[in-house]
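Trainee: My questions are about this predicted structure, shown below with the sequence.
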Amino acid sequence: MDSTKKLLNGDEAIAHAARVAGVNLGIGYPGTPSTEILETFSSLGGYAQWAPNEKVAAEVAIGAALAGGKAVVTMKHVGMNVAADPFFTAAYTGVKGSLVICAADDPGMASSQNEQDSRRYAVAAGLPMLEPADSQQCYDYFILATELSKRFGTPVILRLTTRVCHSKTIVSIGQFSEPGTPSYTKDAKSHVMVPAFARLAHVRLRKRLHDMEEWNVKEGPCTFLGSESAKQGVIATGISAMHAAEALPEARIMQPGMTYPLPMDKIKAFVESHEDNLVVEEGDPIVVETLLAAGMKVRGKKEAFRYGELNVARVKKLAAEDVTPDPAPAPGKPPQLCPGCPHRLTFQALHDLGCTVCGDIGCYTLGVLPPYEAMDTCVCMGASIGAALGMREVLPAEQAKKIVSVIGDSTFMHSGLTGLVDMVYNRPPHGHVVILLDNSTTAMTGLQEHPGTGRRLDHTETVRVDPAAVAKAIGVRVEEVDPLAMKDTLKDFIQEQLDKKDVCMIIMKRSCLLALKHLKDREKAQAEEKKN
Amino acid sequence: MKNINIVFAGLGGQGVLRASDITAEAAFLTGFDVKKAEVHGMSQRGGSVSSDVRFGAGIKSPMIPAGTADFLVLLDASQKEPNALSCHAGTVIIDPGVIKIEDLPNPKGLNVALLGYLSTKLPEIPEENWQKALENNFPEKLRESNVTAFQVGRQAAGK
Ligand SMILES: Cc1ncc(C[n+]2csc(CCOP(=O)(O)OP(=O)(O)O)c2C)c(N)n1
Ligand code: SF4
């Protein structure tokens, strides 16, 4: 097969692989560091969509794969929590076509609210998992995951990390192939999970994992680095293998590509042929605990290395069991809301009012920083509404009346709607005010479209889901205003709404400055194209 | 040949990632093994940004180990301290002050001008590969001003 070499990051490598594998549908919800997979897939001519949230994305992808199509669904680690429900049962139904779940963890939290280790989901749901170490492996393992998914009839997780997604390395790329047209065959016994069928499916699932482990021992991807005659053995996963190869040049490194189910017999043979065996993995001690439980003589890391990402220096310390604190770099400049960002106006008003602000996730989370310091809670997407309702339920009236929820437009579409329903259904004694910061984009993750922008992933037009109409239909009073036009009266305006003690949503409608610029650039480019 | 480690550092919006992309591509076009690491995400909003480029015969970790940077290219002088751990006594630090902003067709070309300056210290990469990498990384409208900025940087280094 013809191949060309390119310098790509992990996300781009996966997008290329999806075009080579002939994927019918790519779907996901934006989230650093996974976002560029679908953006690149689309720009390479693949068919990609943003879903309102990860659960819907997972369900659509599962449907495409049940129908016999090839699907990929992408998300950041916390998206796996949102999509966990469909995934756990999709492990039972299996798939007819193929489904690859790209789940991107963020050890060190470069851009996330936690550093959960999503590998736990593979074990908990019984979904096989591959872990690439660089862009070439992202490419190779995606294609392999697609094949395994079809062959064994299961969704497969491709587990990524920030450094794998965002590091560029050289990749050999094959020819793109156009997706085929699947044809549906009814198979209710496999696809309808009523208890009688699900009991059988669970047994099938465990048998499949057993078969896959056997396959992994015999034929699974496994990379060895360093000298064959080394006394020190290292079992390393994902990018840790690269750090280990550099940090421990005297060691023999084994990087199993499929880390669930692990190729236990192969690892056992490796362990037996080395005097000392060290397990190097970022995040939770998952591989090491599995090997220890099987009675293998391996050494894991000290607790200090559960936190943050690994690098060459930390792997050296990990091997030496040196837990002295890492030298801290001088602090850099923290990010800030752009000068002129419309979010600033709302936070100034909330600061001046002394409101208790249940916040949410997006650019506007930066409202927690000085000069505004106008955020009191931020847990997960959508929690601004639920958390505020809970606070209002238990606090005395004078404190409860000061509480507001602040949520972005993409976050509102993702998981704000059900919160609004609860606000109406279980209305707090003094009502509640939700402030929707509608800047017509998903700014935080790099300006993606969402149902409220009225444009699809590739920026072509579609029907706009109007948050005002939705909120009204649920039974919420809606005020739609331009915060810039209201500037001096915004504070009084918010207080007036709070004083009404009903359930209200204030929509602050003003575009993100960067999104506006992108929109204008696209319009200009289109106009020029028309001229030529 | 010894592997070369270059750290680029600046603030969001200054073109740190573009500069490291161009450098990585120029090294790639020359036939080296190349890896490049960075953390994006919040960089749009004016915070510190840095990016590592490594090239040579065979690169393992994409991240430059502490104390092993051969070059620290600063797009903003304030970013020297936050990146001090990457450096050692012999690290060549390229300060934005080496470029006279008035000499640039557009002040936004500082990143590319610094690449011009850096290119004179990297005889391993032929100038034509820098030129190709520049072409591949800018739309046609911006090409000319960036090619000029690159030359301003080379002249600032006396080439
Ligand atoms: C479950 C989950 N998925 C994805 C993300 C990544 N993420 C963080 S904020 C955000 C959306 C921000 O958009 P919006 O609410 O419109 O606010 P803006 O950044 O535009 O101000 C996303 C997708 C996340 N934190 N959690
Ligand atoms: S990117 Fe947009 S939403 Fe984010 S801080 Fe800047 S102007 Fe505000």
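Mentor: Alright, I've got the coordinates. From a predicted model like this one, the values you see are computed outputs, not experimental measurements. Ligands and ions are numbered 1, 2, ... in the order given.
Trainee: how near is the residue positioned nearest the centre of chain A to A:Gly22?
Mentor: By CA atoms, centre = their mean, chain A has its centre lying nearest to A:Lys76, at 1.0 Å. A:Lys76 is 26 Å from A:Gly22, where distance means CB to CB, to the nearest Å. Yep, even glycine has a C-beta here, placed from its N, CA and C like the rest.
Trainee: can you check A:Val478 too?
Mentor: 45 Å.
Trainee: Ok, B:Val73 next?
Mentor: B:Val73 is 42 Å from A:Gly22, by CB to CB.
Trainee: So which of the two has more stuff around it?
Mentor: Neighbours per residue, other CB atoms under 10 Å in any protein chain shown: of B:Val73 and A:Gly22, the larger number sits with B:Val73, 30 against 16.
Trainee: My read is that that one contacts B:Gly15, right?
Mentor: No. Contact between B:Val73 and B:Gly15 fails when scored by CB atoms under 8 Å: they sit 11.2 Å apart.
Trainee: Spatially nearest residue to A:Leu395, not counting backbone neighbours?
Mentor: A:Ile403 (7.5 Å; CB to CB, 6 or more residues apart in numbering or on different chains).
Trainee: The one you found and chain B: what is the separation?
Mentor: Remark: distance between A:Ile403 and chain B (CB to the nearest CB, to the nearest Å) = 27 Å.
Trainee: cool, A:Thr146 as well?
Mentor: Applying CB to the nearest CB, the value for A:Thr146 to chain B is 25 Å.
Trainee: how deep is that residue tucked in, by neighbour count?
Mentor: 25.
Trainee: Need phi/psi at B:Leu72.
Mentor: B:Leu72 adopts backbone torsions of phi -120, psi 110, taken as degrees, to the nearest 10.
Trainee: Could I get the full set of strands for the stretch 201-350 of chain A?
Mentor: Using DSSP state E, counting those that start in this stretch, the strands found in the stretch 201-350 of chain A span residues A:222-225, A:232-236, A:252-256, A:258-260, A:276-280.
Trainee: pLDDT at residue 114, what is it?
Mentor: Going with chain A. Here, the pLDDT recorded for A:Asn114 equals 95.
Trainee: oops, I was thinking of chain B
Mentor: As predicted, B:Leu114 sits at a pLDDT of 98.
Trainee: who's in contact with A:His274?
Mentor: Under the criterion of CB atoms under 8 Å, 6 or more residues apart in numbering or on different chains, the contact list for A:His274 reads A:Ala230, A:Lys231, A:Gln232, A:Gly233, A:Arg252.
Trainee: Repeat that for A:Leu437.
Mentor: Listed by CB under 8 Å, 6+ apart, the contact partners of A:Leu437 are A:Pro342, A:His343, A:Thr346, A:Gly362, A:Tyr364, A:Val406, A:Ile407, A:Gly408, A:Asp409, A:Met508.
Trainee: Is B:Gly10 within a helix or a strand, and which one?
Mentor: Using DSSP states H and E, B:Gly10 sits in strand B:4-11.
Trainee: Can you show me the CA trace of the helix or strand that that strand is followed by as PDB?
Mentor: Going down the chain from strand B:4-11, the next helix or strand is helix B:16-30, by DSSP H and E. Output in PDB follows, covering the C-alpha atoms of helix B:16-30 (Å, rounded to 0.1, in the frame of the first residue of the first chain):
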ATOM      1  CA  VAL B  16       4.400  30.300  20.100                       C
ATOM      2  CA  LEU B  17       2.700  27.200  18.600                       C
ATOM      3  CA  ARG B  18       3.000  28.500  15.100                       C
ATOM      4  CA  ALA B  19       6.800  29.000  15.600                       C
ATOM      5  CA  SER B  20       7.300  25.500  17.000                       C
ATOM      6  CA  ASP B  21       5.200  24.000  14.200                       C
ATOM      7  CA  ILE B  22       7.400  25.700  11.600                       C
ATOM      8  CA  THR B  23      10.600  24.600  13.300                       C
ATOM      9  CA  ALA B  24       9.400  21.000  13.700                       C
ATOM     10  CA  GLU B  25       8.300  20.900  10.000                       C
ATOM     11  CA  ALA B  26      11.700  22.300   8.800                       C
ATOM     12  CA  ALA B  27      13.500  19.600  10.800                       C
ATOM     13  CA  PHE B  28      11.100  17.000   9.400                       C
ATOM     14  CA  LEU B  29      11.700  18.200   5.800                       C
ATOM     15  CA  THR B  30      15.400  17.800   6.500                       C
END
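Trainee: So is the following helix or strand past helix B:16-30 next to chain A?
Mentor: As assigned by DSSP H and E, the chain's next helix or strand after helix B:16-30 is strand B:33-38. Yes. Shown here: strand B:33-38 in contact with chain A (CB under 8 Å from any CB of the partner chain) through B:Asp33, B:Val34, B:Lys35, B:Lys36, B:Ala37, B:Glu38.
Trainee: Need the worst-confidence member of these.
Mentor: By pLDDT, B:Glu38 ranks lowest within these, coming in at 89.
Trainee: Just give the nearest non-adjacent residue to that one, would you?
Mentor: Distances taken as CB to CB, 6+ apart put B:Ser51 closest to B:Glu38, at 3.8 Å, once the chain neighbours are dropped.
Trainee: Which pLDDT does the model give the one you found?
Mentor: pLDDT recorded at B:Ser51 is 97.
Trainee: How is chain A divided into domains?
Mentor: Chain A breaks down by automatic domain parsing into domains covering A:4-219, A:222-320, A:343-519.
Trainee: Can I have the buried ones of the contacts of A:His274 as a ChimeraX selection?
Mentor: The buried subset of the contacts of A:His274, as determined by 16 or more other CB atoms under 10 Å in any protein chain shown, is captured in ChimeraX by this line:
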select /A:230,232,233,252
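Trainee: and residue 79, what does it touch?
Mentor: Just going to use chain A. A:Gly79 makes contacts with A:Gly28, A:Tyr29, A:Gly31, A:Ser34, A:Asn53, A:Glu54, A:Ala57, A:Ala103, as judged by CB under 8 Å, 6+ apart.
Trainee: wait, chain B
Mentor: Listed by CB under 8 Å, 6+ apart, the contact set of B:Gln79 reads A:Gly332, B:Ala9, B:Gly10, B:Leu11, B:Ser48, B:Ser50.
Trainee: Is it correct that the fourth one is in contact with B:Val49?
Mentor: Put plainly, it is B:Leu11. Yes. B:Leu11 is within contact range of B:Val49, at 6.6 Å (criterion: CB under 8 Å).
Trainee: Mind checking which of the two has more residues around it?
Mentor: For B:Leu11 versus B:Val49, neighbours defined as other CB under 10 Å are more numerous around B:Val49 (29 against 19).
Trainee: where does the more buried one fall, helix, sheet strand or coil?
Mentor: Following DSSP: H, G, I helix; E, B strand; the rest coil, we place B:Val49 in the strand state.
Trainee: Can you name every helix or strand that the host helix or strand of A:Thr40 contacts?
Mentor: Using DSSP H and E, A:Thr40 sits in helix A:36-43. On a contact count with 3 or more CB pairs under 8 Å, 6 or more residues apart in numbering or on different chains; DSSP states H and E, helix A:36-43 meets helix A:10-21, strand A:25-28, strand A:48-50, strand A:70-76.
Trainee: pull the CA atoms of the first one into CSV?
Mentor: Listed next in CSV are the C-alpha coordinates belonging to helix A:10-21 (Å, rounded to 0.1, in the frame of the first residue of the first chain):
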residue,chain,number,x,y,z
GLY,A,10,-2.2,12.2,18.0
ASP,A,11,-5.7,13.6,17.2
GLU,A,12,-4.8,14.3,13.6
ALA,A,13,-3.3,10.8,13.2
ILE,A,14,-6.5,9.3,14.5
ALA,A,15,-8.5,11.4,12.0
HIS,A,16,-6.3,10.2,9.1
ALA,A,17,-6.7,6.6,10.3
ALA,A,18,-10.5,7.0,10.4
ARG,A,19,-10.4,8.1,6.8
VAL,A,20,-8.2,5.2,5.9
ALA,A,21,-10.5,2.8,7.7
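Trainee: how far out from the middle of the chain is it?
Mentor: Relative to the centre of its chain, helix A:10-21 is centred 17 Å away, using CA atoms, centre = their mean, to the nearest Å.
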